[in-house]
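> need coordinates for the following:
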Amino acid sequence: MIVLAPAHLKAIIDAAEAAYPDECCGLLVGRTAPAGDVQVERVEASRNVVDGDAARRFEVDPQLRFDLMRQLAGGETRLVGHYHSHPGHAAQPSAHDLSMAWEPELVWLITAVHDGQAVLTTAHVLDDDGHRFRPIDLRTDDWQADPVRHATAAETNDIPSGENG
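Numbers count the residues shown, from 1 in each chain. As a prediction, the model looks like this:
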């Protein structure tokens with residue numbers, strides 16, 4: 001699972017809508033919790049420096065990535081993933097995304113944008129053999145389990161035989 005603050009998710013959504021009809025992109029900084037959850041602590045927006053069709057492809061600015069990796073060296077946080085948008089397409093990895101995925105430890109967040117409005121953000125990681133993506137849970141850090149309604153006495157009593165409601 002990947003967990004981020006609502007403000008971080010909003011920043012990603014805002015970037016996706018602002019870049020429309022092109023793809024936006026950026027990097028996620030955080031740490032992996034002992035239970036294996038990835039906790040995002042910072043979102044770093046990048047210019048999409050792809051050479052070509054920015055409406056269907058993205059490339060994070062290499063200078064941003066190198067600077068960020070230097071800044072994080074030796075610290076407790078690290079690069080945990082990146083995000084990008086899919087204008088006019090589903091929030092699922094494309095064949096091109098898969099061909100560009102070479103770091104199995106990184107999470108991919110993808111935001112679908114239709115008619116300029118972000119409609120869904122999903123999270124994915126490469127499977128163990130690196131041949132396909134698999135979805136993972138995405139939650140904001142203010143998430144709480146759904147409340148549970150306990151059955152009332154009336155709901156637990158059986159309807160006596162011969163009575164129909």
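> now the helices for this protein?
For the chain, applying DSSP state H gives helices covering 6-19, 62-72, 95-100, 153-156.
> nearest to residue 46, of these?
When the helices of the chain are compared by Cβ to Cβ, helix 62-72 sits nearest residue 46, at 4.9 Å. Any C-beta I mention is one placed from the backbone N, CA and C, and that applies to glycine too.
> buried set for the closest one?
Across helix 62-72, burial judged by 16 or more other Cβ atoms under 10 Å covers 64, 68.
> who does it touch, helix- and strand-wise?
Where contact means 3 or more Cβ pairs under 8 Å, 6 or more residues apart in numbering; DSSP states H and E, helix 62-72 is packed against strand 25-32, strand 38-46, strand 78-87.
> got the contact list for the second one?
The contact list for strand 38-46, computed with Cβ atoms under 8 Å, 6 or more residues apart in numbering, reads 1-5, 8, 11-12, 15, 24-33, 60-61, 64-65, 68, 77, 80-81, 83, 107, 141.
> distance of the residue nearest to residue 37 when sequence neighbours are not counted from residue 113?
Spatial nearest neighbour of residue 37, excluding adjacent residues (Cβ to Cβ, 6 or more residues apart in numbering): residue 1 at 4.8 Å. Separation of residue 1 from residue 113 (Cβ to Cβ, to the nearest Å): 24 Å.
> over to residue 148?
Per Cβ to Cβ, residue 148 is found 35 Å from residue 113.
> over to residue 134?
Using Cβ to Cβ, we find residue 134 at a distance of 23 Å from residue 113.
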